[in-house]
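>>> below is the sequence, then the predicted model.
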Amino acid sequence: ATIEVDTAHVEYESMIIDVNGFKSGLGTRVTREKVDTTVIVPFGGSLSFKQFKFYDTVDSIRCRAKDMRAIASLRRYEGNRHLPQLSFAVDVKSLMTGIKREFAIGIKSGHFDITSHLRQKKLKNPQDTMASKKKVRKKSERDIDDLDMTVDSGLKAVIKKWDIKGTLTAESGGFYTYAMPVRNRLKNIDLTFNTDSVVLRDLDYKMGQSGFVINGTIGNLRRVLLGRRRNNVLTIDFDVKSDTVNINEISRLLLTDASDAGAVTIDNVEDLENKTSTSVAVDSGKTTAFMVPGNIDADIRLIADNVIYTDMMFNDFKCRICVRNKVANISNLRAKADLGALDLSALYSTMNRDSIQFGIGLKIDRFHLDKMTAIVPALDSLMPLLKNFSGIVNADIAATTQIDNDMNFVMPTLQAAIKLSGDSLVLLDPDTFKMLSKWLIFRNKKRNMIDHISAEMVVENNQLQLFPFMFDIDRYRLGVMGTNDMAMNLNYHI
């Protein structure tokens, strides 16, 4: 049987459907088994249309498609006459769906292959059923910041009853959401999936000014989507390569409350791919502490050619990012720049929203001193004299501190050990040097430079302690030691 419709407009309750160039066909095999209604009778069908539009005026759900062709069939799974298997194959020139002013996702030149069959029921032990009913776990506070990926009851029923697997390929695509108001573009989409995992192959993902090529697996989807109480952690295992990563832009997205960043209205895939809400909208929000979700277990290896951080450009960037139990760990981070090189490991723990912990181990090699405060902002508060320093230094820094909800260091909790060494350093502003050189009768009143310096200090209980060290300036050899608190009350000996 076949059906052809040139143009159709349908309105039913809150739904509006428009279709152009619709064609559909259906066929089956006639057998004597049709008498038994429990026996699966194989049949197949196809449909195609030039344009399809769907809009729900209540839920604001919309869907648009162009030049779509779909083939479906019903068969017996592994020869079992009572167990159905559904297969779908879809080709579409463009497809976009989403919720108006909230979310949109779309693809161009896409192909789907999906196969599904009913799950065979397992017989349950009555004793196990009684025991499971007695175990009711209360929602703990640490679950508040978890990502809620639970689907609605209709999709839950599908996931519970059916085993689904398939592939998706597409030339390009994109998505947009008010919670992350930045352009998100996809190319070379090639993935396989089932009800429990998704495998990505060379996915080209561009987020704003950053670009990534992703290979890896997302796992444990079934328990996460069903909202299971136990073992409901989404696993992510990615290898990521990048040409450019803009940390400034990404950190603004993570740390800014974007609930007021503005709504989005998108009507087609072209709008979706070209949509660009700049960081101005993100900056308008309030900066809040990023809470690491407790239901994410991630292991990401990242290699990037170029990384933008503050006003600096790093090259040959490598690191490993692990997320588990509301803790994010960056390890073996290495990067080079014209200003120097660095080696970093860091830990960010959000087990308790009122006591966010941060720890860092940082080694800097031949780095421009005036740029160090951009990497470690707390140095500005600890040693304000660094603002007048210039030269090339090496540094080893280890520190731990609490962070408040505005992402500021809680200075009374800061503990740090710092070692600085450098050559050809300018430590005095010109006016101070001119006055000091006159009082101390310097031989060379124009050379404001210290050939070498090496100093060690610790920070604890709101106080910085500088251990004794020596340095030469002009005809003098000076020794310095002392302390200062965070209010810059100085107690130094020279």
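On my side now, so go ahead. Owing to the predicted nature of the structure, the values given are computational and were not obtained by experimental measurement. Numbering: from 1, shown residues only.
>>> CA only for contacts and neighbour counts going forward, please
Noted.
>>> now for this structure, the helix or strand with the poorest mean pLDDT.
helix 279-283 (a mean of 42; mean pLDDT, DSSP states H and E).
>>> and whatever helix or strand comes next after it, what's buried?
Note on helix 279-283: by DSSP states H and E, the next helix or strand toward the C-terminus is strand 296-309. Neighbour-count burial for strand 296-309, counted by 16 or more other CA atoms under 10 Å, picks out 296-304, 306-309.
>>> check stretch 413-427 too.
In terms of neighbour count (16+ other CA under 10 Å), stretch 413-427 has its buried residues at 413-418, 420-423, 425-427.
>>> for the closest residue to residue 346 other than its chain neighbours, give its distance to residue 145.
Closest residue to residue 346 apart from its sequence neighbours, by CA to CA, 6 or more residues apart in numbering: residue 360 at 4.3 Å. From residue 360 across to residue 145, the span is 24 Å (CA to CA, to the nearest Å).
>>> hang on, the residue nearest to residue 346 packs against residue 347?
Yes - counting by CA atoms under 8 Å, residue 347 is a contact partner of residue 360 at 6.4 Å.
>>> among the buried residues of stretch 413-427, which lie within strands?
When these are checked against strands (DSSP state E), the matches are 413, 414, 415, 416, 417, 418, 420, 421, 422, 423, 425, 426.
>>> can you give me the helices in the stretch 151-300 of the chain?
For the stretch 151-300 of the chain, helices defined by DSSP state H, counting those that start in this stretch occupy the ranges 153-161, 221-226, 247-255, 269-274, 279-283.
>>> distance from the third one to the middle of the chain?
Yep, that's helix 247-255 we're talking about. Relative to its chain's centre, helix 247-255 lies at 10 Å (CA atoms, centre = their mean, to the nearest Å).
>>> and it with strand 296-309, angle?
Here helix 247-255 runs at an angle of 140 degrees relative to strand 296-309 (axes from the mean of the first three to the mean of the last three CA atoms, to 10 degrees).
>>> which helices and strands does helix 247-255 pack with?
Judged by 3 or more CA pairs under 8 Å, 6 or more residues apart in numbering; DSSP states H and E, the packing partners of helix 247-255 are helix 279-283, strand 296-309.
>>> show me where pLDDT drops low in the stretch 51-200 of the chain?
Filtered on pLDDT under 70, the stretch 51-200 of the chain yields the residue ranges 101, 121-144, 179.
>>> take the buried residues of stretch 413-427 and write them to JSON lines, including pLDDT.
Shown next, in JSON lines, are the buried residues of stretch 413-427 (pLDDT from 0 to 100):
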{"residue": "413", "pLDDT": "91"}
{"residue": "414", "pLDDT": "90"}
{"residue": "415", "pLDDT": "93"}
{"residue": "416", "pLDDT": "93"}
{"residue": "417", "pLDDT": "95"}
{"residue": "418", "pLDDT": "92"}
{"residue": "420", "pLDDT": "89"}
{"residue": "421", "pLDDT": "91"}
{"residue": "422", "pLDDT": "87"}
{"residue": "423", "pLDDT": "84"}
{"residue": "425", "pLDDT": "83"}
{"residue": "426", "pLDDT": "82"}
{"residue": "427", "pLDDT": "68"}
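>>> follow-up on the earlier one: ok, the residue nearest to residue 346 - contacts?
Contact partners of residue 360, counting by CA atoms under 8 Å, 6 or more residues apart in numbering, are 344, 345, 346, 347, 397, 398, 399, 400.
>>> between these, which sits nearest residue 488?
residue 399 (19.9 Å; CA to CA).
>>> what residues are up against the closest one?
359, 360, 361, 414, 415, 416, 417.
>>> widest-spaced pair of those residues?
361 and 414 (13.7 Å).
>>> got any ranges where the stretch 201-350 of the chain has weak pLDDT?
Flagging of the stretch 201-350 of the chain using pLDDT under 70 yields the residue ranges 256-287.
>>> repeat the analysis, applying 50 as the threshold.
260-263, 276-284 (pLDDT under 50).
>>> tabulate the contacts of residue 360 (JSON lines), appending distance to residue 493 and secondary structure.
Output for the contacts of residue 360, formatted as JSON lines (distance: CA to CA, whole Å; DSSP: H, G, I helix; E, B strand; the rest coil):
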{"residue": "344", "distance to residue 493": "33", "secondary structure": "strand"}
{"residue": "345", "distance to residue 493": "35", "secondary structure": "strand"}
{"residue": "346", "distance to residue 493": "35", "secondary structure": "strand"}
{"residue": "347", "distance to residue 493": "36", "secondary structure": "strand"}
{"residue": "397", "distance to residue 493": "24", "secondary structure": "strand"}
{"residue": "398", "distance to residue 493": "26", "secondary structure": "strand"}
{"residue": "399", "distance to residue 493": "26", "secondary structure": "strand"}
{"residue": "400", "distance to residue 493": "28", "secondary structure": "strand"}
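>>> want to try TSV for these, with distance to residue 194 as columns?
Shown next, in TSV, are these (distance: CA to CA, whole Å):
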residue	distance to residue 194
344	38
345	36
346	35
347	34
397	46
398	44
399	44
400	42
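>>> and of these, the nearest to residue 84?
For the contacts of residue 360, the nearest to residue 84 is residue 347 (50.1 Å; CA to CA).
>>> what's near enough to touch that closest one?
For residue 347, the contact set (CA under 8 Å, 6+ apart) comprises 327, 328, 329, 330, 357, 358, 359, 360.
>>> which one of these is nearest to residue 254?
Nearest member of the contacts of residue 347 to residue 254, counting by CA to CA, is residue 328, at 13.4 Å.
>>> any idea what the closest residue to residue 170 other than its chain neighbours is bridged to?
Sequence neighbours aside, residue 110 is the residue nearest to residue 170 in space, at 4.0 Å (criterion: CA to CA, 6+ apart). Note on residue 110: beta-bridge partners by DSSP bridges are residue 92, residue 170.
>>> how close does residue 110 sit to residue 314?
Distance from residue 110 to residue 314, by CA to CA: 37 Å.
>>> check residue 306 too.
Remark: distance between residue 306 and residue 314 (CA to CA) = 6 Å.
>>> now do the shared contacts for the two.
By CA under 8 Å, 6+ apart, no residue touches both residue 306 and residue 314.
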